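Engineer: Below are the sequence and a predicted model for it; my questions follow.
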Amino acid sequence: MGQVRDGARWGARAVAGVVGLAVVYVIGVFAFGGAGWITDPFRDEADERDNRDNTAGSVGFRQTTYEEFFGLCEAVRNAEGTIQVLQEERKAASETRTTRIDQSVTALKATRIESIDAYNAKAAREPRASFRAKDLPYQLNAETERTTCTN
């Protein structure tokens, strides 16, 4: 009977040793980040938020966004100015030149609308909208002949 007890003790010690090693292994996995897949959904959201905040807060992003709004506004202003000049020229132009002026005006109107749409789309998006200059309008209206971008 003594041998049975010794065998049971040895088996219990072996099981306890295996369980102890498993516990140490699990603690080690968590301590050294091996179980990151468990917290991955939370970390991804936090990383995305941190990256968005860092990008929006970076000087390069702010400067680029600021210049984008001015560039789009300038494109609208240039198209409107050119349309006005062409319409003035049209009054005294020949028939051939009038046809070309009309084609140019049509193309410029399309370009103007594209620039206005791009400006409005960027103005509506965060975090870009917060970096628009205060003297630039929130939205541009394509239905008006002259936008508020013009002086």
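Structural biologist: Sure, I can see it.

Engineer: This protein: helices as residue ranges?
Structural biologist: Ranges of helices in the chain, per DSSP state H, are 2-31, 36-57, 59-90, 95-124.

Engineer: tell me which helix or strand of the chain sits lowest on mean pLDDT?
Structural biologist: One helix or strand of the chain scores below all others by mean pLDDT, DSSP states H and E: helix 36-57, with a mean of 56.

Engineer: quick one: low-confidence parts of this protein?
Structural biologist: Flagging of the chain using pLDDT under 70 yields the residue ranges 1-4, 29-57, 128-132, 150-151.

Engineer: Now do stretch 16-29: distance to the chain's middle.
Structural biologist: Here stretch 16-29 is found 45 Å from its chain centre; the criterion is CA atoms, centre = their mean, to the nearest Å.

Engineer: what about dumping the CA coordinates of that stretch to CSV?
Structural biologist: The C-alpha trace of stretch 16-29 is given here as CSV (Å, rounded to 0.1, in the frame of the first residue of the first chain):
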residue,chain,number,x,y,z
ALA,A,16,0.6,20.4,-9.6
GLY,A,17,3.9,21.1,-11.5
VAL,A,18,2.1,21.1,-14.9
VAL,A,19,-0.6,23.4,-13.6
GLY,A,20,2.1,25.7,-12.0
LEU,A,21,4.0,25.8,-15.3
ALA,A,22,0.8,26.6,-17.2
VAL,A,23,0.0,29.5,-14.8
VAL,A,24,3.6,30.8,-15.2
TYR,A,25,3.3,30.6,-19.0
VAL,A,26,-0.1,32.4,-19.1
ILE,A,27,1.3,35.2,-16.8
GLY,A,28,4.4,35.4,-19.0
VAL,A,29,2.3,35.7,-22.2
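
Engineer: check contacts around Thr82.
Structural biologist: Applying CB atoms under 8 Å, 6 or more residues apart in numbering, one finds that Thr82 lies in contact with Ser104, Leu108. No exception for glycine: its C-beta is placed from N, CA and C like everyone else's.

Engineer: That one and Thr65: what is the separation?
Structural biologist: 26 Å (CB to CB, to the nearest Å).

Engineer: Check Leu136 too.
Structural biologist: For Leu136, the distance to Thr65 - CB to CB - is 12 Å.
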